[in-house]
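[1] Sequence and predicted model, in that order:
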Amino acid sequence: MKYTEREIERLRERAFTLGLVANTSFFHRPASELIDICNGVGGEGCWYNDILTWVYHNHQASAAIHDEGYHVGGEAEDRKRIDEEFRDNMIKEWVAKYGRWRWFRPAALVDRRKINPAYKAVRLVGHNYFHYK
């Protein structure tokens with residue numbers, strides 16, 4: 001998945017509007033750089049990224065923030081924090097999409113059930129993509 005500059009700007013605007021947690025560099029880095037960093041949902045270079053991006057289409061801002069956080073890198077504690085923020089940001093996007101009646105909407109419940117597996121996946125295999133310092 002390759003974003004355009006316009007899509008990156010839209011994701012940043014959504015992240016800001018929803019109050020998603022992100023490194024300040026996510027908002028200040030040129031969109032042209034984020035195009036090379038943010039790859040949708042899934043590890044960099046994985047053949048299934050397009051499929052995961054489609055499945056998680058409601059959580060693109062969270063995924064972009066997570067990609068940028070992994071690019072910035074750090075220590076194991078930083079990775080854990082970034083992964084937890086990813087999960088929390090996905091929940092914020094879910095709440096924003098489905099509103100106050102989300103617990104009674106079947107589509108919302110299906111979408112909510114996708115969040116924990118995504119979090120578990122980044123905890124399990126994210127070390128392959130995180131830039132450790």
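    Nice, thanks for sending it over. Numbers count the residues shown, from 1 in each chain.
[2] Next, the buried residues of the longest helix along the chain.
    What stands out as the longest helix in the chain, according to DSSP state H, is helix 76-98. Applying a neighbour-count criterion of 16 or more other C-beta atoms under 10 Å, one finds 78-79, 82-83, 85-87, 89-94, 96, 98 buried in helix 76-98. Where you see a C-beta, it was placed from the backbone N, CA and C, and this is true even at glycine.
[3] which helices and strands sit right next to it?
    When contacts are defined as 3 or more C-beta pairs under 8 Å, 6 or more residues apart in numbering; DSSP states H and E, helix 76-98 sits against helix 5-18, helix 60-72, helix 106-112, helix 115-125.
[4] Most tightly packed of those?
    helix 60-72 (a mean of 24; mean count of other C-beta atoms under 10 Å).
[5] so how far is that one off the chain centroid?
    5 Å (C-alpha atoms, centre = their mean, to the nearest Å).
[6] residues making contact with that helix?
    With C-beta atoms under 8 Å, 6 or more residues apart in numbering as the test, helix 60-72 has contacts from 3, 8, 11-12, 14-15, 18, 20-23, 25-26, 29, 34, 37-41, 44, 53, 56, 78-79, 82-83, 85-86, 89-90, 92-93, 122, 126, 129-131.
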